[in-house]
Structures are given as C-alpha cells and as structure tokens.
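# Kindly generate the corresponding structure for this input.
(one chain, ligands or ions: 1)
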Amino acid sequence: MKKAAIVYASTHHGNTLKLVNAISEKHDVVLIDATQQKQADLSEYDIIGFASGIDFGKFYSSVENFLKENLPKHKKVFFLYTCAKTSNRFTKSIIAEAKQKEAILLGEYGCKGYNTYGPWKIIGGMNKKHPTETEIAEAVSFFESLLLI
Ligand SMILES: Cc1cc2nc3c(=O)[nH]c(=O)nc-3n(C[C@H](O)[C@H](O)[C@H](O)COP(=O)(O)O)c2cc1C
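Sure thing, here's the model as predicted:
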C-alpha cells in the first residue's frame, strides 16, 4: 500500500480543507497543516500532495515554502486547490519549485471555493456553495486515480 501525505493550508474559508478531509476520511493519509508546521520528514511517503487556496494567482506561500524546505528529490507529487475562478496557471509557481526537486508530477485537481475577498464581501461573497459535494467527490476520485499509478 502506498504511503501518502498531504501538506495543506486553507485559511480563507476552509474550502480546500473540505477536499483534504474527504480524502483522509476514506484513505490513510497523513495531513500536515503548513500554517502550523514548517518542517517534516517527507522521505517515507510514496506520494505527497500540496493543497491550498489561491492567493494572487499562486498557492499560499506557507505551502510553497513547505515544499521548498522539505520535499526530498524525486518524489511523486500532486496538487489540489480551490479558487475564485479556475485556471491551470495557479500551479505554475509551485510546479516550478517541484521541478527544482526533480519531482514526478502526477497531476492536479482544482475547483471553485467560497470567496469573500475584496468587493465580493459586500455582496456576501461568490461561489457560496463551493466546493460542492460533486467537486469534493471529484477530488477524492482524483486522489484514488493516483493510487493506481
Ligand atoms: C487575499 C486573497 C486573494 C485571492 N486571490 C485569488 C486569485 O488570485 N485567484 C482566485 O481564483 N482566487 C483568489 N482568491 C479566492 C480563494 O483562493 C478562494 O476563496 C479559495 O477557495 C480559498 O481557499 P481556502 O478557504 O481553502 O483558504 C483569493 C482570496 C483571498 C482572501
């Protein structure tokens, strides 16, 4: 059986944590909150996920810094995120860091998350119902597909 860990930060509304928790409820996954923990030995894990909300077009710096500081070379990695409006460019920066570690990129899953940043707050926020049950289930299926690789 593959040993998996997910390093996450979900500070805006806990949107990304919904994906992460759904995965860990079904699978044996070690969760590391990058806002609370800055160091960990990731060498024992076969697959390592990095999960985050998006802040100005990138993964939260706590997650990206955790990768920079702790990811051993040649690890299999994947990415999960929630955001206001989906775009595959959100992983560009963290993927560049992963490539520095010669990581094997397994893929990414992103979906919308409730957002009250800036003017959206005045009208009660956007994406109020996201991530939906369907999106959460998609994230779990995505993770399960990685276990087969
Ligand atoms: C300061 C700030 C900046 C944000 N920047 C972006 C952005 O550049 N692009 C985007 O799609 N969403 C952006 N968002 C929306 C969040 O990424 C989105 O609400 C996400 O689901 C939050 O995840 P979390 O609850 O797991 O922290 C931003 C939110 C905040 C608070």
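# tell me which parts of this protein are close to the ligand?
10-17, 53-57, 82-85, 113-115, 117 (C-beta under 6 Å from any ligand atom). Backbone N, C-alpha and C define where each C-beta goes, glycine included.
# Of the residues you listed, keep whichever come out buried.
For those, a neighbour count by 16 or more other C-beta atoms under 10 Å gives the buried set as 10-13, 15-17, 53-55, 82-84, 113-115.
# Show me which pair in those is furthest apart.
Longest distance between any two of those is 16.9 Å, between Leu17 and Ala84; criterion C-beta to C-beta.
# Angles on the backbone of the residue nearest the centre of the chain, please.
Central residue of the chain (C-alpha atoms, centre = their mean): Ala51, 1.2 Å from the mean position. Backbone torsions of Ala51, given as degrees, to the nearest 10, read phi -130, psi 140.
# Can you show me the strands along this structure?
Taking DSSP state E as the criterion, the chain carries its strands at 4-9, 29-33, 47-55, 58-59, 76-83, 104-112.
# For the shortest one, what does the pLDDT average out to?
Confidence over strand 58-59 (mean pLDDT, whole number) is 98.
# Quick check: can you name the pairing partners of that strand and their directions?
Strand 58-59 has the following strand partners under DSSP bridges: strand 47-55 (antiparallel).
# ok, Thr11 touching Thr35?
Yes - between Thr11 and Thr35 there is a contact at 6.3 Å, judged by C-beta atoms under 8 Å.
# Which residues are in contact with each of these two?
Here Thr11 and Thr35 share the contacting residues Tyr60, scored by C-beta atoms under 8 Å, 6 or more residues apart in numbering.
# now for the longest helix seen in the chain, which elements pack on it?
Scanning the chain for the helix with the most residues, using DSSP state H, yields helix 133-147. If you count contacts as 3 or more C-beta pairs under 8 Å, 6 or more residues apart in numbering; DSSP states H and E, helix 133-147 packs onto helix 15-26, strand 47-55, strand 76-83, strand 104-112.
# Tell me the buried residues in that helix?
Across helix 133-147, burial judged by 16+ other C-beta under 10 Å covers Glu135, Ile136, Glu138, Ala139, Val140, Phe142, Phe143, Leu146.
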